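*Asks:* Make a model of this:
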Amino acid sequence: MSVDPVHSPLLDHSPAELARELRAQGIRRFCFTTTTEGEVAASHPSLATIAQALQADGVDFDRHEGLFFEVSAIEDLIHGAFVHRSRRGQGQGGTRFWSYRRFGDMLNDGVRLSKGMTHKNALAGIWWGGGKGVITRPERGDIKDPALRRALFNEYGRFISSLRGCYITAEDVGTNTVDMGHIADETRFITCIPKARGGSGNPSSATALGVVRGLEAAFAYQSGAREGEGAPDAAQLQGKHVVVQGAGHVGEVIITLLLEAGARVTATDINAERVKAVEERLQGRFGAERVQVVLTEPGDLSPLSWTCDALCPAAMGAVLNPETISSLQSTIVCGAANNQLQDPARDGETLRTKGVLYMPDFLVNRMGIVNCANEQYGYVGDDPSQDSSYSRHLGYDWPQSVYQTSLRVLARAEADGAHPHAAAVALAEELSLELHPIWGHRGAAIIEGLSRGDWSRS
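*Replies:* Got it, this is the predicted structure:
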């Protein structure tokens, strides 16, 4: 965990090592739940030290309602589902398929991401709680074989079904709509399934649109705009230089939208083939003087120090820390990556002190989840629902839109003398405590049933 005053040696095991050890002990499923008294309970006595470490963590763990895991029968890897808070509805958030050096790193990622989804869904006005799925990659890395990949995600789908609906999954880093289809073969607790199967498909473009709206709000706020005012100047991004760290599915769309708005973009990525393909596509359309895509080494954070008008982290999280913040050469940070602050309280205040306007990720990257939030209710061309209308979230007038919510958070931060991350969390916390208008706190009842029953021994 981020703070580990109670050390558990199991956290230092690689996911593959832990999978083999648990399999040898006859443990297929295990979980950690928080009691009404705030105690973290482990499903198995041999895992009690992990529960103690969660209990002692002072940064990321926040009375999460349930953390559920299953050892794969196919590979030496671990499936995970994290539910933070389900007062607004079932925990919802995408599943990432990623490599972790330590099981503790996987645990920390899921805890942080699920908490972020609680805040993101609450700020977006969606009747869902916060959840996240994580599948650890095997030691050899990504799985390319289609048959093996299908079997793995089918297995994950059965794991999701076993949780009885307390967690709803979707697409995230390392997964795609094909994977979602394989998960959907085994569970109905999923969104972002392929459009051919009645879903909303890949959410990348939607996410990118929301980030650009947040960036517009940041520039507008710097120019004196405040909540309730209408659309910003159409030339808001004209001539601005934006550094985009990550040219993946979301990053490429962000780059394209910025170029279409008249900005100049320098982007980076760690994949040589993607760098070449994106640069060829975009330079052919906008010219080399407007866009460059630079190949960087994995873990290279030097692009964060490049001089620009705005920095857009669109790769992995935890890239903003005391070292990288001290070298920032931008007055705005607004990106798509989840959990950009290594330590939200410390790094949010450091950014404020440095004079950098930070747009919290869960404030501006909501549109991926909005895109798939209400798949079960069907589709209409011009959705009249104030809660689910895709276009309202991207407009400039609706009070709950990305743009207006961003202005509200920035104004609240300024009035309170706080950094924007703290202001956004405060607003999200208030909203996240509202009970689902029909089902109340049903997620907690499901989790209690799982923990009291034989789920971890089935």
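*Asks:* if I pick the residue nearest to residue 177 when sequence neighbours are not counted, what's in contact with it?
*Replies:* Spatial nearest neighbour of residue 177, excluding adjacent residues (C-beta to C-beta, 6 or more residues apart in numbering): residue 194 at 4.7 Å. Every C-beta, even on glycine, is put in place using the N, C-alpha and C of the backbone. Neighbouring residues of residue 194 by C-beta atoms under 8 Å, 6 or more residues apart in numbering: 177-178, 180-181, 201.
*Asks:* ok, residue 280 to residue 200 distance?
*Replies:* Counting by C-beta to C-beta, to the nearest Å, the gap from residue 280 to residue 200 is 29 Å.
*Asks:* Those two: who's more crowded?
*Replies:* residue 200 (23 against 11; other C-beta atoms under 10 Å).
*Asks:* Need the contacts of residue 194 in a markdown table (columns: secondary structure, distance to residue 210 and neighbour count).
*Replies:* Below are the contacts of residue 194 laid out as a markdown table (DSSP: H, G, I helix; E, B strand; the rest coil; distance: C-beta to C-beta, whole Å; neighbours: other C-beta atoms under 10 Å):
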| residue | secondary structure | distance to residue 210 | neighbour count |
| --- | --- | --- | --- |
| 177 | helix | 19 | 20 |
| 178 | helix | 24 | 13 |
| 180 | helix | 20 | 28 |
| 181 | helix | 25 | 19 |
| 201 | coil | 16 | 19 |
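*Asks:* Closest one to residue 110 out of those residues, please.
*Replies:* Closest to residue 110 out of the contacts of residue 194 is residue 180 (18.5 Å), distances taken as C-beta to C-beta.
*Asks:* where are the low-confidence patches of this protein?
*Replies:* Applying pLDDT under 70 to the chain flags residues 1-6, 58, 381-389.
*Asks:* what about the spatially most central residue of it, distance to residue 259?
*Replies:* Nearest to the geometric centre of the chain sits residue 338, at 4.3 Å (C-alpha atoms, centre = their mean). Separation of residue 338 from residue 259 (C-beta to C-beta): 24 Å.
*Asks:* Using the neighbour-count criterion, name the buried positions in the helix or strand that residue 216 is a member of.
*Replies:* Of the helices and strands defined by DSSP states H and E, residue 216 is found in helix 204-222. Buried positions in helix 204-222, judged by neighbour count with 16 or more other C-beta atoms under 10 Å: 204-221.
*Asks:* give me phi/psi at the closest residue to residue 355 other than its chain neighbours?
*Replies:* Of all residues not flanking residue 355 in the chain, residue 331 sits nearest, at 6.5 Å (C-beta to C-beta, 6+ apart). Residue 331 adopts backbone torsions of phi -100, psi 0, taken as degrees, to the nearest 10.
*Asks:* Residue 199 looks like it's in a helix, true?
*Replies:* No: using DSSP: H, G, I helix; E, B strand; the rest coil, the assignment for residue 199 is coil, not a helix.
*Asks:* pretty sure it contacts residue 373?
*Replies:* No: between residue 199 and residue 373 there is no contact under C-beta atoms under 8 Å: 11.9 Å.
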